[in-house]
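Chemist: build me a model from this:
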Amino acid sequence: MNKIIRKIKEKDNIIVFLIIFLITIGISLNISIQASDEIWNFQSVYKMYNGFKIYQDMNVIITPLFFLLAEGIFHIFGANLFVFRISQCFECTILYIFIYKLMKKIGISKNISLVTVFIMILQGKFFTLRMCFNYNIMAFMFCVIGIYLLIKDNNKKNYLIQAIMTVIIFLTKQNIGIYYMMGILLYIFIEDNEKKIKIKESLKYILTVAFFMCIFLIIMLIDHNLENFLNYAFGGIIEFAKENLLTNIGNITCFALIVGLSIALGIISTNVKVFNSTQIRNIKILSIFSGVMAMMAYPIFNWAHIWLGIHIAIINIIYVIYLIFEDFINIIIKISKYVSVLLTIFLIASSFNNLYEWFSAVNDEKYPYKWEDPFFGGMLSKETYDTNQKVIDYIQNNDKRVIILSNKAALYMIPLKQNNGEFDLPFKGNLGRDGEQGLIRKIDNLKDTQILITKDKEDDIYQEISEIKEYVKQTKKYVGDIEKFEIYE
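Modeler: Numbers count the residues shown, from 1 in each chain. Here you go, the predicted model:
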């Protein structure tokens, strides 16, 4: 028995990986299909799977790694929402296993590390899981791996690995890659004492990143897609930041307090003589990345962006407190052992309950989707399915091209395997350098086309360009209604 317990303790990373995966699977699958980031990302990947080209045929405004990886997964395992959500389970599991490994690496006990991970997963009723498979979580996952490798290297300055991690993060989401790069350069500046060494190490790192980025840009050029990539990934950045600024006083206050406390503790801790050199180095790294990762929240200061942005700050605060009260923390470690067991049971039970509900629904004879359908695995009420199907049938039986100028376009275009390019995602900042006027020119050039616009403004979201919808209403002919949409041509 003692040998078994010892083996479990030795292989705790594998055990924790399995626990986290079991926790995530039920909650990830038992989610209804709705117009959200998940469906918009799924739409782009599904278009690529069906032969359309990223940037050239669709207005993806993010660097391509997430979409290319997801397309590859579709070709291997199948192209449906079930596969997409299982991919999310692995994404979140890898993220949180590396948070667990990171906390252990800096010296925090296994049980406190595990409880912290569980609380992060639990936050906001499994908030991170309900964000679904997306590039923000993937980019942040690579950031955590990079920070873990930086701390694991101890005093070795392996900037080749960090340059590779920076490129991977940048190719997953460009702004997060830039923030990560800022963190590495700031660490070099703070850690090295001599000016010459700072300059040398910084140049070595920057040139390595630049080398790999040049390879990527050459590939895009050879693929005749460089101009499209630059247009969508960078052409609308200013408009996106300006038009999509979303603030909430409560969220921003909480965000500022956590990040501010982390940085303040870092500054104080690294200037007192109570910690050893390794601990001070760890605090420096975590404090730096507390600040740069917090920038992920800009410009959409909703809890989804804020929550990812404060993970490192939370770890740093726990670490400093852990070090300060290390001599008195044994009782907390003992309590956390029991808490971790209770949370494991609760979270797995909750996940399995969701998994049972999901499994019962998809195995019901009335469930509308089969494996080959893109929405297989998604939950949808019969009423919503019937309503959506009426619009799908209308488009399918129409002798004219039909465009749905709405955030809900993906709900209809995905089953039809159709692509209307920018019209499928008419959001502020998603239209490249030409912006709103460019889309209006495209509308004016349409022939034999009907445009569907939502009747009720409550069905719209703040990111949509309402001015374009008003333009259609004023300049095009109204011909009727279909469910929640007005029809113009």
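Chemist: middle-most residue in the chain, spatially?
Modeler: In the chain, the residue lying closest to the centroid (Cα atoms, centre = their mean) is Asn136, at 2.3 Å.
Chemist: tell me what the helix or strand hosting that one is packed against?
Modeler: Element membership of Asn136, judged by DSSP states H and E, is helix 135-152. Packed against helix 135-152 by the contact rule (3 or more Cβ pairs under 8 Å, 6 or more residues apart in numbering; DSSP states H and E) you find helix 65-77, helix 81-105, helix 159-172, helix 174-191, helix 277-294, helix 303-309, helix 311-324. All C-beta atoms are positioned from the backbone trio N, CA, C, and that covers glycine.
Chemist: spit out the contact partners of the nearest residue to Ile332 once chain neighbours are set aside.
Modeler: Residue nearest to Ile332 in three dimensions, not counting chain neighbours: Ile112, with 6.9 Å by Cβ to Cβ, 6 or more residues apart in numbering. Counting by Cβ atoms under 8 Å, 6 or more residues apart in numbering, Ile112 makes contact with Met103, Ile318, Tyr322, Ile332, Ile333, Ser336.
Chemist: most neighbours, which of those?
Modeler: Among these, Met103 has the most neighbours (other Cβ atoms under 10 Å), with 22 neighbours.
Chemist: isn't that one up against Thr116?
Modeler: Yes: contact criterion Cβ atoms under 8 Å: Met103 and Thr116 qualify, at 6.4 Å.
Chemist: secondary structure element holding the residue nearest to Ile332?
Modeler: helix 110-130.
Chemist: again, but for Leu452
Modeler: Using DSSP H and E, Leu452 sits within strand 449-454.
Chemist: hang on, the earlier thing: any common contacting residues for Met103 and Thr116?
Modeler: Listed as contacting both Met103 and Thr116 by Cβ under 8 Å, 6+ apart are Ile315, Ile318.
Chemist: low pLDDT regions in the chain?
Modeler: Residues of the chain meeting the criterion pLDDT under 70: 1-10, 124-131, 154-157, 192, 241-248, 301, 303, 327.
Chemist: for it, longest helix please?
Modeler: Using DSSP state H, we find that the single longest helix of the chain is helix 330-362.
Chemist: could you check the angle the following helix or strand past that helix makes with strand 449-454?
Modeler: Using DSSP H and E, the helix or strand that follows helix 330-362 in sequence is helix 382-396. With axes from the mean of the first three to the mean of the last three Cα atoms, to 10 degrees defining the directions, helix 382-396 sits at 160 degrees from strand 449-454.
Chemist: for helix 382-396, buried residues please.
Modeler: Residues Tyr385, Asn388, Val391, Ile392, Tyr394, Ile395 are the ones in helix 382-396 that count as buried (16 or more other Cβ atoms under 10 Å).
Chemist: which helices and strands does that helix pack with?
Modeler: Checked by 3+ Cβ pairs under 8 Å, 6+ apart, helix 382-396 has strand 401-404, helix 409-416, strand 478-482 packed alongside it.
Chemist: list the buried residues of stretch 324-339.
Modeler: Neighbour-count burial for stretch 324-339, counted by 16+ other Cβ under 10 Å, picks out Ile329, Ile332, Ser336, Val339.
Chemist: same list, those, but as a markdown table with distance to Ile288 please.
Modeler: Below are those laid out as a markdown table (distance: Cβ to Cβ, whole Å):
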| residue | distance to Ile288 |
| --- | --- |
| Ile329 | 25 |
| Ile332 | 27 |
| Ser336 | 27 |
| Val339 | 30 |
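Chemist: between these, which is nearest Gly146?
Modeler: Ser336 (27.3 Å; Cβ to Cβ).
Chemist: out of everything not next to it in sequence, what's closest to that closest one?
Modeler: Here the residue nearest Ser336, using Cβ to Cβ, 6+ apart, is Asn111, at 4.0 Å.
Chemist: tell me the contacts of the one you found?
Modeler: By Cβ under 8 Å, 6+ apart, Asn111 lies in contact with Ile333, Ser336, Lys337, Val339, Ser340.
Chemist: again, only using 6 Å
Modeler: Taking Cβ atoms under 6 Å, 6 or more residues apart in numbering, we find Asn111 in contact with Ile333, Ser336, Lys337, Ser340.
Chemist: next: Ala256.
Modeler: With contact set as Cβ under 6 Å, 6+ apart, Ala256 has no partners.
Chemist: could you give the angle of the host helix or strand of it to helix 277-294?
Modeler: Ala256 is part of helix 249-269, with elements assigned from DSSP H and E. In terms of direction (the same axes, to 10 degrees), helix 249-269 departs from helix 277-294 by 160 degrees.
Chemist: which of the residues in stretch 111-126 are buried?
Modeler: Residues of stretch 111-126 classed as buried: Asn111, Ile112, Ser113, Leu114, Val115, Thr116, Val117, Phe118, Met120, Ile121, Leu122, Phe126 (neighbour count, 16+ other Cβ under 10 Å).
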